[in-house]
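Here is the input, now give the coordinates:
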Amino acid sequence: MAGSLKRQRLLVAVGFIVVAVGFGGQIAAEYYNSDVAGWGSWLIFGTCYTVGYGLLAWAAWAWFTWIDNGSTHSNGIARMLRLFGVANLAFAFGLLVITYTLAEQDITLPYDGRLSIAVTTTFGLQLLGTCLVSVGFWSAAKVCGSDHSLDSISGQLADLDDH
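Below is the predicted model:
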């Protein structure tokens, strides 16, 4: 490798951690004195997103370390892909809780003339998307972790191109 990625690795990891702390703080500050129904759901949502971004920081750190070490073993990349998948599951759980709470409010509370169902739908779409991303990362980890080196995976891909 031409140069080290230490600075970039640190920048990305710190950036994700700052986002996590900021998001967690926003949720805590916004709903601490709030009289909003279901504030506990918002707290769970914020906590899941904070944990998710923390896991993304860890996964990004592992990814840059793996690149920096010039490793050809697939174990490192499989672990990193699983971390990305778990981070997205944390996001999905937070979205599940808040989507459920908002949907319940949409059903039980009288219609207030707002776009409340649209907000619930957008959270539901985010939930679906994060679940799909998580499955994608997890299945990629299974593919990369099923063999001992990335060289053999690229060789298998080359064999596919020949057919």
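
distance between the ends of stretch 58-78?
14 Å (Cα to Cα, to the nearest Å).

Does residue 53 touch residue 22 like I think?
No - using Cβ atoms under 8 Å, residue 53 is not in contact with residue 22; the gap is 9.1 Å. C-betas here are computed from N, CA, C, even on glycine.

who's more crowded, the two?
Relative neighbour count places residue 53 above the other of residue 53 and residue 22, with 23 against 12, counting by other Cβ atoms under 10 Å.

Just give me the neighbour total for the nearest residue to the more buried one once chain neighbours are set aside.
In space, and not counting its chain neighbours, residue 53 is closest to residue 20: 3.5 Å by Cβ to Cβ, 6 or more residues apart in numbering. Neighbourhood size, residue 20 [other Cβ under 10 Å]: 20.

Equivalent analysis for residue 124, please.
Around residue 124 there are 17 other residues, counting by other Cβ under 10 Å.

Provide a list of residues in contact with residue 19.
Going by Cβ atoms under 8 Å, 6 or more residues apart in numbering, residue 19 touches residue 53.

and if you look at residue 100?
Contacts for residue 100 (Cβ under 8 Å, 6+ apart) come out as residue 41.

Check which helix or strand it maps to.
According to DSSP states H and E, residue 100 maps onto helix 74-108.

Skip the chain neighbours and tell me the closest residue to residue 23.
residue 49 (5.1 Å).

Tell me how many other residues crowd that neighbour.
A total of 22 residues lie near residue 49 under the criterion other Cβ under 10 Å.

now do residue 137
Using other Cβ under 10 Å, residue 137 has 20 neighbouring residues.

and it, what helix or strand is that in?
helix 116-145.

packing partners for that helix?
If you count contacts as 3 or more Cβ pairs under 8 Å, 6 or more residues apart in numbering; DSSP states H and E, helix 116-145 packs onto helix 74-108, helix 150-162.

Please identify the deepest-packed of those helices.
Across the helices and strands packed on helix 116-145, the average number of neighbours (mean count of other Cβ atoms under 10 Å) peaks for helix 74-108, which reaches a mean of 20.

quick one: contacts for the one residue sitting closest to the centre of the chain?
In the chain, the centroid-proximal residue (Cα atoms, centre = their mean) is residue 88; its distance is 2.9 Å. By Cβ under 8 Å, 6+ apart, the contact set of residue 88 is 52, 130-131, 133-134, 137.

Kind regards, and thank you for your time.
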